[in-house]
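# Prediction below, plus the sequence it came from.
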Amino acid sequence: MKISRISDQQTIEIYLTTPARSKNMKRVGITLCLLIFTASVAMGGTPTARTLVVGTGHPEVDVPAVQAAVDQGGEVILKGHFSFDRSPTVPKATGSFAMVRISKAVVISGAHGEDDGMTSIEGGKTPFYVEALGAPVTIQRLRFIRPQGQAIAVYAVSGLVIASCRIEGVETNNGFGDGIDIDTVAGGMLPSLTNPGKPENVSGTLLIANNDIDVGGTALDDTLGVNVSSVGIPGAEVEAYVSGNHIRNTTEPAIDFRRVAGRVHIERNVLTTGSVSGPAVNSEVIRVVNIGSYMIAHNLIHCGWAQAQGIGVFSQIAAWPMVGAIVEDNDVTMSPPENTAFGPDSAGISIRGFAQDNLVQNNTIRGRARAALAVDDYRGGTPDKTTLIRNRVDDFEASLADVFVDVGVTNTVIRGQRGTVEDLGVNTVIRENP
């Protein structure tokens with residue numbers, strides 16, 4: 001180790017060598033400029049750490065080097081090509097293992113000026129696992145190549161940015177895979193009244209923006225683009241923004257939110273499923289479930305699944321109703337395989353279950369499904385006070401009706417809506433003009 005004093009900066013250079021794979025192999029010396037620690041003392045500011053890690057393509061060097069860097073906190077710059085292709089050793093609170101654990105405030109960035117435009121991390125089971133209770137974390141400008149399970153998993157954080165990353169092909173773990181997974185429920189379970197997880201672990205602003213996520217998966221796999229489950233509590237809510245992302249080739253929702261205390265903005269994303277759907281009977285390209293205040297707007301959705309919804313807004317739990325969601329100005333195209341016999345949950349946009357005072361307006365729905373807009377009974381819950389205003393269905397072909405209101409659904413208002421309507425609800429109001 002060489003330590004030298006240069007002006008107001010302390011530079012630490014650590015040189016590592018790759019361990020020999022056998023006694024007959026020549027020992028490979030890899031000069032790795034691992035840490036550049038900068039203490040900023042100007043103007044009485046708090047010292048901040050800046051760490052540069054240069055990838056070697058050798059996982060036995062790259063993984064511990066990145067772990068050592070993020071353990072310093074501060075700012076971490078990753079440069080070059082990293083291999084994480086080895087067994088994971090970091091236990092996750094939700095089960096299984098990961099490669100690198102982030103436990104304190106840190107900003108991790110890919111270096112500018114790479115030949116292919118991005119610093120790359122190849123392989124690895126959950127390359128980054130965030131368990132940074134009460135601390136903010138940023139991960140940006142990184143390219144993940146075939147991560148296993150998830151590229152990034154988050155269990156605890158207070159303020160999160162995941163921006164301008166590229167995820168290329170998630171290899172499933174026991175049939176499950178996500179691009180970005182923010183989840184406080186152990187064991188891969190859905191949140192429930194008896195098992196709500198640890199939603200107090202995640203608070204503050206969550207920004208997931210301008211990422212390019214190509215997930216993949218077979219008909220036997222459950223793969224998602226961005227999954228957020230059980231985050232925020234009263235007094236420590238979240239303000240979540242999922243914006244400007246391109247997500248494709250998922251077999252389950254491209255964007256999935258469940259049980260959020262706080263506000264969620266899902267806006268200006270481009271979402272394309274492909275034709276392969278997972279083992280679930282029905283799925284949604286954008287799914288929002290249970291509590292939370294949702295704005296879903298200006299998204300471009302192309303759904304190629306046989307049985308699906310472009311946007312699904314619902315709750316199956318009476319104690320966690322879906323209240324006050326706004327779905328507006330989205331462009332949804334439903335393109336199922338030819339000769340698809342649509343099931344009862346097929347729709348461009350669906351409101352169902354324990355849902356109240358939700359608004360769907362100014363959306364464009366194209367293609368084919370059972371209905372363009374559906375307000376449905378679901379698991380004992382019937383929506384109340386749903387409002388549908390000026391949604392465009394001119395280029396849509398419904399097997400049942402352009403607008404469907406299910407039995408028992410109450411106080412639906414349909415205003416300025418073209419197309420056919422099948423109304424089986426109670427106190428439905430249909431007005432030709434707004």
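Now that the structure is in, tell me what you want to look at. Numbering: from 1, shown residues only.

# Residues contacting the one helix or strand residue 397 maps to, please?
Secondary structure from DSSP states H and E places residue 397 in strand 396-398. Residues from elsewhere that reach strand 396-398, judged by C-beta atoms under 8 Å, 6 or more residues apart in numbering: 334, 348, 365-372, 402, 419-420. All C-beta spots, glycine's among them, are computed from the backbone N, C-alpha and C.

# Please repeat the previous calculation with a cut-off of 7 Å.
348, 365, 366, 367, 368, 369, 370, 371, 372, 402, 420 (C-beta atoms under 7 Å, 6 or more residues apart in numbering).

# Find me the pLDDT at the last one, would you?
At residue 420 the predicted local distance difference test score is 96.

# How many residues are close by the closest residue to residue 346 other than its chain neighbours?
Of all residues not flanking residue 346 in the chain, residue 370 sits nearest, at 3.8 Å (C-beta to C-beta, 6 or more residues apart in numbering). Neighbourhood size, residue 370 [other C-beta atoms under 10 Å]: 23.

# Kindly report the same for residue 119.
24.

# Could you do the one 4 residues further on as well?
The local packing count at residue 123 equals 18, with neighbours defined by other C-beta under 10 Å.

# can you check residue 395 too?
Count around residue 395 with other C-beta under 10 Å applied: 11.

# same check, this time on the one 10 residues further on
The tally of other residues near residue 405 (other C-beta under 10 Å) stands at 27.

# same deal with the one 4 residues further on?
Other residues near residue 409 come to 26 when the count uses other C-beta under 10 Å.

# Now the closest residue to it other than its chain neighbours: phi and psi?
Using C-beta to C-beta, 6+ apart and skipping residues adjacent in sequence, the residue nearest residue 409 is residue 425, 3.9 Å away. Main-chain torsions, residue 425, degrees, to the nearest 10: phi -90, psi -170.

# Spit out the contact partners of residue 425.
Counted by C-beta under 7 Å, 6+ apart, residue 425 has contacts 405, 406, 409, 410, 412.

# Check what pLDDT the second one gets.
Spelled out, it's residue 406. 97.

# can you give me phi and psi for it?
Torsion angles, degrees, to the nearest 10, at residue 406: phi -80, psi 170.

# so residue 334 touches residue 370, yeah?
No: counting by C-beta atoms under 7 Å, residue 334 does not reach residue 370; the two are 9.6 Å apart.

# Please list only the buried members of the contacts of strand 396-398.
348, 365, 366, 367, 368, 369, 370, 371, 372, 402 (16 or more other C-beta atoms under 10 Å).

# Narrow those to those in strands?
Within these, residues falling in strands by DSSP state E are 348, 365, 366, 367, 368, 369, 371, 372.

# so where's the stretch 151-300 of the chain uncertain?
Within the stretch 151-300 of the chain, not a single segment meets pLDDT under 70.

# how about 80 then?
Counting by pLDDT under 80, the stretch 151-300 of the chain contains low-confidence ranges at 188, 281-282.

# now the helices for it?
Per DSSP state H, counting those that start in this stretch, the stretch 151-300 of the chain has no helices. Nothing in it meets that criterion.

# Show me the strands in it, by range?
Taking DSSP state E, counting those that start in this stretch, the strands of the stretch 151-300 of the chain run over residues 166-168, 176-183, 202-209, 212-214, 222-231, 238-243, 246-248, 255-260, 262-267, 270-272, 283-289, 293-297, 300-303.

# looking at those strands, which is closest to residue 356?
strand 293-297 (12.6 Å; C-beta to C-beta).

# Could you check that closest one and say which residues are buried?
293, 294, 295, 296, 297.

# Is it possible to get JSON lines of the residues you listed that adds distance to residue 396?
Converted to JSON lines, these look like this (distance: C-beta to C-beta, whole Å):
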{"residue": "293", "distance to residue 396": "29"}
{"residue": "294", "distance to residue 396": "23"}
{"residue": "295", "distance to residue 396": "24"}
{"residue": "296", "distance to residue 396": "19"}
{"residue": "297", "distance to residue 396": "20"}
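
# Might you report the residue contacts of residue 207?
Residue 207 touches 160, 161, 163, 241, counting by C-beta under 7 Å, 6+ apart.

# okay if I get those residues as TSV plus neighbour count and distance to residue 77?
Below are those laid out as TSV (neighbours: other C-beta atoms under 10 Å; distance: C-beta to C-beta, whole Å):
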residue	neighbour count	distance to residue 77
160	26	19
161	18	16
163	18	15
241	17	25
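
# Now tabulate the residues you listed in CSV and tack on distance to residue 266.
Converted to CSV, these look like this (distance: C-beta to C-beta, whole Å):
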residue, distance to residue 266
160, 16
161, 17
163, 16
241, 8
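
# sorry, back to before: list the residues that contact the residue nearest to residue 346.
342, 346, 347, 398, 399, 400.

# per-residue pLDDT, it?
97.

# Roughly how far does it sit from residue 229?
Distance of residue 370 to residue 229, given as C-beta to C-beta, to the nearest Å: 28 Å.

# circling back: partner strands of the strand holding residue 397, with direction?
If you go by DSSP bridges, strand 396-398 pairs up with strand 364-369 (parallel).

# what's next to the partner strand, contact-wise?
Here strand 364-369 has contacts from 331-336, 342, 346-349, 372, 391-393, 395-398, using C-beta under 7 Å, 6+ apart.

# and the residues you listed, which are buried?
For the contacts of strand 364-369, buried by 16+ other C-beta under 10 Å: 331-336, 342, 346-349, 372, 391-393, 396, 398.

# and the closest residue to residue 102 other than its chain neighbours, how many residues sit next to it?
Sequence neighbours aside, residue 130 is the residue nearest to residue 102 in space, at 4.6 Å (criterion: C-beta to C-beta, 6+ apart). A total of 25 residues lie near residue 130 under the criterion other C-beta under 10 Å.

# got it, and residue 95?
10.

# Repeat that for residue 430.
Using other C-beta under 10 Å, residue 430 is surrounded by 14 other residues.

# show me the contacts for residue 55.
Contacts of residue 55 by C-beta under 7 Å, 6+ apart are 62, 78, 79, 80, 81, 82.

# got the buried residues for the helix or strand where the first one lies?
In this assignment (DSSP H and E), residue 62 forms part of helix 59-72. By neighbour count, with 16+ other C-beta under 10 Å as the criterion, the buried positions of helix 59-72 are 59, 61, 62, 63, 65, 66, 67, 68, 69, 70, 72.
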